[in-house]
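> Here is a sequence with its predicted model. Questions after.
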Amino acid sequence: MNSLIAAISLSDPTIRRMLMGTVLIGLTASVIGVFSFLRKKSLVGDAISHAILPGVALAYMFTETKSTWVLMIGALIAGWLATQLMDGLSRTTRLKPDSVVAIVLSIFFSIGLVLISWIQGNGADSQSGLSDFLFGKIAAISSDDIVLFAIVGSFLLVLLILKYRAFYFVAFNQEYMKVRGYSIRWNDLLISTASILAIAMGIQAVGVVLMSALLIIPVASARMLTFRIIPLLVLSGCFGITGAIGGAFGSTLGDNMPTGPWVIVVLFAITVVTFCIRAFRERTPKNPSPETKNT
Amino acid sequence: MENNCISVKGLRVSYHQQLALDTVSVDIPCGKITGIIGPNGSGKTTFLKAILGLISAQQGKVLFLGKPLDEARDEIAYVPQRESVDWDFPASVRDIVSMGRLNPKKWWQKVSAEDRRIIDSAIRQVDLTEFQHRQIGQLSGGQQQRVFLARALAQEASVILMDEPFVGVDMASQEAILNVLQELRNTGRSIVIIHHDLSTVATYFDYVLLMNNRLVKAGPTKEVLQPEVLSQAYGSSIFFQTNTAE
């Protein structure tokens, strides 16, 4: 409990770093996640987050460093290969998207697990801490990481500010947009690259297993409250930040507590609240006449 | 100068090695409401999607207003089948109409004051002003179709292609949509509509394309709506239906 109080008082530079890191991760993931949600590709985010594990492991094996930008490049390549493989399988076979996602997710994830256990068993670095990538360890974030996250996060947010209308409308009505002259493939490539980067940002702090939840749960909760795109983006961003901060602080409650599950627990609480608000709103008439009931 | 809004030469489309459309060559005149009719599975939607490049054709050449598709995109508005759209999508009527003002050539997709004025007037023209902030799923079938029509208006397109706009729409709403379409035609726009209800063909369309995996006949409505012509597409059972049409 003392550690939680220390965390909330922000006296410790590690805690401040942690806070900045989680805010950047939470905001980026939850805002990019809006478009995965709109494109009905929530599970693809899950597949990507699992699929980047072998990329991270290989990047570590080849460079023997754990610097975040190296691991992110590994993650980007693996995530990108996974999306291409999913696209290719859907196009060339008659497999339905859910099967394709399930296949790619499990194959990449198991390769990643095999590689990680091999690295650790090999004695190359038994303290590599690579297994933290599974469930996340917020304390692993360094000052360099914060700079990197700030750069990647702002790049992605600027991209969204410029292009969100195109992304939004392609998600709604691809054929109309294609006739208008928008390249659907280019659009897909931009969004999937953005999703991979957002997920890769969170691998150390939140972990690959649960990172996709940070993409989807905030927007799903926001959707309970609004159907307009701007409020959806803003609310989703706020929920993402809250989840990430709550998770980071929650995980300081005990030694060796993973951050990822804590983030999801906080997001779940937000979902419950938004669900209740929606249920309450639906029960109340739209224009209630003023009541003059006195107790 | 160009009298044909769409001119198709030798269009041939196959799906999984099965011929869906056999060498269609046809000119669709400008400034008219043209109907594409034919039995189920006769390649009407395939034809429309193929000329718009949404599915790839084996061969064929298509010109819109005398220009290839890529040079004419701004002038073409496509209205997909209502069933193909997710009506639970988080968007308001106004959001959808604003799609008409998108500019694919620009990186920053912002809405200018001029765009806003055009969007307002498009919504007004289809009589949806009071519903403009509603979520699109909370509209009737006819209103949803009008949203798409307003999007085409906001785009200021001169050629509007609609896939089955009257399906699941009651007669009163059909008339309302038709009135807007007729106004548009009178201001020189060309409208092409896939339609399956033969009983309304005579009143809705100026020009008709009759298809049955090939072009059976194209011409003014009266010429196509003859029992001997229709039977080439629908078989002899059609005589029963044409009687009710006339």
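Good, I have the coordinates. What you see is a predicted model; the values in this text were computed from it and never measured.

> What are the buried residues along the longest helix along chain A?
Determined from DSSP state H, the single longest helix within chain A is helix A:143-172. Across helix A:143-172, burial judged by 16 or more other Cβ atoms under 10 Å in any protein chain shown covers A:145-146, A:148-149, A:152-153, A:156-157, A:159-160, A:163-172. Backbone N, C-alpha and C define where each C-beta goes, glycine included.

> just those residues that are near chain B?
The subset of the buried residues of helix A:143-172 within reach of chain B, by Cβ under 8 Å from any Cβ of the partner chain, is A:163-166, A:168-169, A:171-172.

> what would those residues look like in JSON lines with pLDDT?
Formatted as JSON lines, these follow (pLDDT from 0 to 100):
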{"residue": "A:163", "pLDDT": "89"}
{"residue": "A:164", "pLDDT": "90"}
{"residue": "A:165", "pLDDT": "91"}
{"residue": "A:166", "pLDDT": "91"}
{"residue": "A:168", "pLDDT": "93"}
{"residue": "A:169", "pLDDT": "94"}
{"residue": "A:171", "pLDDT": "94"}
{"residue": "A:172", "pLDDT": "94"}
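
> for the residues you listed, which one is nearest chain B?
Of all those, chain B sits closest to residue A:165, with 3.9 Å by Cβ to the nearest Cβ.

> Would you point out which residue is most central in chain B?
residue B:162 (1.8 Å; Cα atoms, centre = their mean).

> If I look at the residue nearest to that residue when sequence neighbours are not counted, what pLDDT would I see?
Nearest residue to residue B:162, sequence neighbours excluded (Cβ to Cβ, 6 or more residues apart in numbering or on different chains): residue B:79, at 4.1 Å. Residue B:79 carries a pLDDT value of 93.

> so what's residue B:79 up against?
A:176, B:145, B:148-149, B:151-152, B:160-163, B:165 (Cβ atoms under 8 Å, 6 or more residues apart in numbering or on different chains).

> so the residue nearest to the centre of chain B is in which element?
Under the criterion of DSSP states H and E, residue B:162 resides in strand B:159-163.

> List the neighbouring strands of that strand plus their orientation.
strand B:76-79 (parallel), strand B:190-194 (parallel) (DSSP bridges).

> The ones you listed into JSON lines, with extra columns for distance to residue A:18?
Below are these laid out as JSON lines (distance: least, Cβ to Cβ, whole Å):
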{"stretch": "strand B:76-79", "distance to residue A:18": "50"}
{"stretch": "strand B:190-194", "distance to residue A:18": "59"}
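
> Go through these and name the closest to residue B:36.
strand B:190-194 (4.8 Å; Cβ to Cβ).

> List, one by one, the residues from chain B near chain A.
So far as Cβ under 8 Å from any Cβ goes, chain B lies against chain A at B:49, B:52-54, B:70, B:73-74, B:76-80, B:84-86, B:89-92, B:95-96, B:99, B:102, B:104-105, B:107-109, B:135, B:151, B:155.

> Are any of those residues buried, and if so which?
Here, 16+ other Cβ under 10 Å leaves B:49, B:52, B:54, B:73, B:76-80, B:85, B:89-92, B:95-96, B:99, B:102, B:109, B:135, B:151, B:155 buried among the residues of chain B next to chain A.

> Where does the prediction get shaky in the chain?
Using chain A. A:1-10, A:123-129, A:285-295 (pLDDT under 70).

> The intended chain is chain B.
The low-confidence ranges in chain B, as defined by pLDDT under 70, are B:1-2, B:236-246.

> Helices of that one, residue ranges please.
B:44-51, B:69-72, B:93-98, B:113-125, B:141-154, B:171-186, B:201-204, B:221-224, B:227-234, B:238-245.

> and of those, who's closest to residue A:34?
Of the helices of chain B, nearest to residue A:34 by Cβ to Cβ is helix B:93-98, at 14.2 Å.

> which other helices and strands contact the closest one?
helix B:113-125, helix B:141-154 (3 or more Cβ pairs under 8 Å, 6 or more residues apart in numbering or on different chains; DSSP states H and E).

> contacts for it?
A:172, A:228-229, B:111, B:115, B:119, B:122-123, B:128, B:131-134, B:136, B:139, B:147-148, B:150-151, B:154.

> Need phi/psi at residue B:41.
Per-residue torsions, residue B:41: phi 70, psi 20 (degrees, to the nearest 10).

> how many other residues sit next to it?
Using other Cβ atoms under 10 Å in any protein chain shown, residue B:41 has 11 neighbouring residues.

> Quickly note the distance from it to residue B:198.
16 Å (Cβ to Cβ, to the nearest Å).

> what do you get for residue B:119?
Taking Cβ to Cβ, one finds residue B:119 at 36 Å from residue B:198.

> who has more neighbours, the two?
residue B:119 (23 against 17).

> Report the contact partners of residue A:227.
B:90-92, B:135.

> Go again with 6 Å.
By Cβ atoms under 6 Å, 6 or more residues apart in numbering or on different chains, the contact set of residue A:227 is B:90, B:135.

> Which secondary structure state is assigned to it?
coil (DSSP: H, G, I helix; E, B strand; the rest coil).

> For it, grab phi and psi.
phi -120, psi 10.

> wait, isn't residue A:235 in contact with residue A:224?
No. In this structure, residue A:235 is not within contact of residue A:224 by Cβ atoms under 6 Å, at 9.4 Å.

> quick one, which of those two is more surrounded?
residue A:235 (23 against 17).

> Quick check: nearest residue in space to that one, chain neighbours excluded?
residue A:222 (3.7 Å).

> Could you do residue B:28 as well?
In space, residue B:28 is closest to residue B:6, 4.2 Å off (Cβ to Cβ, 6+ apart).

> Quickly note the distance from that neighbour to residue B:52.
Taken as Cβ to Cβ, the span from residue B:6 to residue B:52 is 10 Å.

> and the gap between residue A:176 and chain B?
For residue A:176, the distance to chain B equals 6 Å [Cβ to the nearest Cβ, to the nearest Å].

> Find the nearest non-adjacent residue to that residue, please.
residue B:78 (5.5 Å).

> Cross-check the contact I'm expecting between that neighbour and residue A:177.
No. Using Cβ under 6 Å, residue B:78 is not in contact with residue A:177; the gap is 9.7 Å.

> Mutual contacts of these two, please.
With Cβ under 6 Å, 6+ apart as the test, residue B:78 and residue A:177 reach no residue in common.

> one step back: among the helices and strands packed on helix B:93-98, which comes closest to residue A:55?
When the helices and strands packed on helix B:93-98 are ranked by proximity to residue A:55 (Cβ to Cβ), helix B:141-154 comes first, at 41.4 Å.

> just to revisit the earlier point, bridging residues for the residue nearest to residue A:176?
residue B:161.

> Now for it: which residues touch it?
Contacts of residue B:78 (Cβ under 6 Å, 6+ apart): A:176, A:179, B:52, B:161.

> Out of those, list just those in strands.
When the contacts of residue B:78 are checked against strands (DSSP state E), the matches are residue B:161.

> Which one of the contacts of residue B:78 is nearest to residue B:35?
Once Cβ to Cβ is applied, the member of the contacts of residue B:78 that ends up nearest residue B:35 is residue B:161, at 11.8 Å.

> Identify all contacting residues around the helix or strand hosting residue A:76.
Following DSSP H and E, the helix or strand that holds residue A:76 is helix A:68-92. Helix A:68-92 has contacts (Cβ under 6 Å, 6+ apart) with A:48, A:51-52, A:54-56, A:58-59, A:63, A:95, A:97, A:100, A:104, A:108, A:145, A:148, A:192, A:196, A:200.
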